[in-house]
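Following is a predicted model, sequence given first.
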Amino acid sequence: MEKIERKTHQIDATGKPLGRLATQVATILRGKNKASFTPHIDGGDYVEILNCSKIKFTGKKLEQKEYIWHTNYPGGLRRKKMADVFSAQPGKVLREAVMGMLPKNKLRDLMIKRLKIKQ
């Protein structure tokens, strides 16, 4: 069996739109940028994001987009605006966008661990 060689990619997020940056990161984490890509093997690289607090948002996403979750208790529906999350933790917005673009299987947790976000 071949040993997977993992490189480290550094990406500067200054002025880049959130969705396009998340797509680029998800592709690298999954390993789709390599010629040896196989869907059932976790062969992606490491990704470091710099200047995450300077991401650009298009449209009215900051005011209108909400993160919604349920606590599994009666009446436990919770909502938080993207602007509130971004002002407290800019990296969490990018991490959630990338998580949504990775496959929903056992490999996703391993892939997201290789994402390092620096404010």
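Okay, I see it.

Residue 42 - that's part of a helix, no?
No - going by DSSP: H, G, I helix; E, B strand; the rest coil, the assignment for residue 42 is coil, not a helix.

Would you map the helices across this protein?
18-30, 61-64, 82-88, 90-101, 107-112 (DSSP state H).

what's the burial count for the closest residue in space to residue 6 that isn't next to it in sequence?
Leaving aside its sequence neighbours, residue 6 sits nearest to residue 45 (Cβ to Cβ, 6 or more residues apart in numbering; 5.0 Å). (C-beta placed from N, C-alpha, C; glycine too.) Neighbour count of residue 45, defined by other Cβ atoms under 10 Å: 17.

if I look at residue 45, how far off is residue 84?
For residue 45, the distance to residue 84 equals 32 Å [Cβ to Cβ, to the nearest Å].

what sits against the spatially most central residue of the chain?
Closest residue to the average C-alpha location of the chain: residue 98 at 2.4 Å, with Cα atoms, centre = their mean. Counting by Cβ atoms under 8 Å, 6 or more residues apart in numbering, residue 98 touches 22, 25, 26, 29, 112, 115.
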